[in-house]
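**Q** here is my input; please provide its structure:
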Amino acid sequence: MGATKTDFFTDEQNKIAVIAKALGHPARIAIIEYLLKVNECICGDIVNELPLAQPTVSQHLKELKNAGLIKGNIEGNSVCYCIDEKAFEILNAFFSNIISAVKKQNCC
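**A** Residues are numbered from 1 along each chain as shown. Predicted coordinates:
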């Protein structure tokens, strides 16, 4: 079997791409902002905060969780979500490096 296109990039580059793709929808940004605002695990209030149907919100939560941006714990019949700081540490390091390099460059 041949190599996939992602095989040509580092693990870090692939991880950042997965995170960026997950953040590429405004509903997912809204979910992240809501979780940051409440600063605790949320078990169902997210659907009430967005103008989307429950299955749609569940799909967005799944994408965020698969990218490592949020964590989920099962409590009874529901899953409680909160921010997973590891993915945001990766993004912080990535964008800090970019900002540092941009400030040093002498470009048009």
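**Q** contact partners for residue 36?
**A** For residue 36, the contacting residues are residue 83, by Cβ atoms under 8 Å, 6 or more residues apart in numbering. In short, each C-beta sits where N, CA and C put it, glycine included.
**Q** centre of the chain versus stretch 26-42, how much separation?
**A** 10 Å (Cα atoms, centre = their mean, to the nearest Å).
**Q** regarding the protein, what is its longest helix?
**A** helix 85-104 (DSSP state H).
**Q** host element of residue 34?
**A** helix 26-38 (DSSP states H and E).
**Q** elements contacting the helix or strand that that helix is followed by?
**A** The first helix or strand that comes after helix 26-38 along the chain, using DSSP H and E, is helix 45-49. Packing partners of helix 45-49 (3 or more Cβ pairs under 8 Å, 6 or more residues apart in numbering; DSSP states H and E): helix 26-38, helix 54-66.
**Q** for helix 45-49, buried residues please.
**A** 46, 49 (16 or more other Cβ atoms under 10 Å).
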